[in-house]
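Engineer: fold the following and give me the result.
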Amino acid sequence: MKNVYVVMHEHVYDDEDGDIKMVGIYSSEAKAKEAVEMLKERPGFSAAPDGFLIDVYQLDETHWLEGYSLHRSE
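Structural biologist: Residues are numbered from 1 along each chain as shown. Got it, this is the predicted structure:
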């Protein structure tokens with residue numbers, strides 16, 4: 001199976017609200033790590049350099065089988 005590497009960045013603000021951005025999808029872990037190294041000094045990303053996440057996904061696979069609640073928690 002072919003894997004892809006998804007890079008996300010999460011920035012949590014002082015009021016505990018967060019902002020998650022998808023940075024990109026890469027063909028190798030090395031390329032994903034290279035993107036993180038390049039971006040962690042850039043504005044916004046540099047305020048939360050530990051906010052990067054790299055997840056591995058297999059292509060042509062369903063990754064969320066549990067469903068979700070239609071009710072939002074208040």
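Engineer: my read: Val6 touches Asp55, true?
Structural biologist: Yes. Between Val6 and Asp55 a contact is recorded at 4.8 Å, counting by C-beta atoms under 8 Å. For every residue, glycine as well, the C-beta is placed using N, CA and C.
Engineer: between the two, which one's more packed in?
Structural biologist: Counting neighbours by other C-beta atoms under 10 Å for Val6 and for Asp55 shows that Val6 has the greater number, 15 against 11.
Engineer: what bridges to that one?
Structural biologist: Ile25, Asp55 (DSSP bridges).
Engineer: give me the contacts around the helix or strand where Lys33 lies.
Structural biologist: Taking DSSP states H and E as the criterion, Lys33 maps to helix 29-39. The contact list for helix 29-39 (C-beta atoms under 8 Å, 6 or more residues apart in numbering) reads Tyr5, Val6, Val7, His9, Val23, Gly24, Tyr26, Phe45, Phe52, Ile54, Val56.
Engineer: quick check: the two most widely separated of these?
Structural biologist: Spatially, the most separated pair among the contacts of helix 29-39 is Phe45 and Val56, at 21.1 Å (C-beta to C-beta).
Engineer: which of these two has more residues huddled nearby?
Structural biologist: Higher neighbour count among Phe45 and Val56: Phe45, with 18 against 10, using other C-beta under 10 Å.
Engineer: surely that one meets His9?
Structural biologist: Yes. With contacts counted by C-beta under 8 Å, Phe45 reaches His9, the gap being 6.0 Å.
Engineer: which residues are common contacts for those two?
Structural biologist: Looking at what touches both Phe45 and His9 (by C-beta under 8 Å, 6+ apart), the common residues are Leu39, Gly51, Phe52.
Engineer: show me where the protein has its strands.
Structural biologist: 3-12, 18-26, 52-58 (DSSP state E).
Engineer: distance check, Val7 against Gly67.
Structural biologist: 26 Å (C-beta to C-beta, to the nearest Å).
Engineer: shaky segments in this structure?
Structural biologist: Filtered on pLDDT under 70, the chain yields the residue ranges 15, 72-74.
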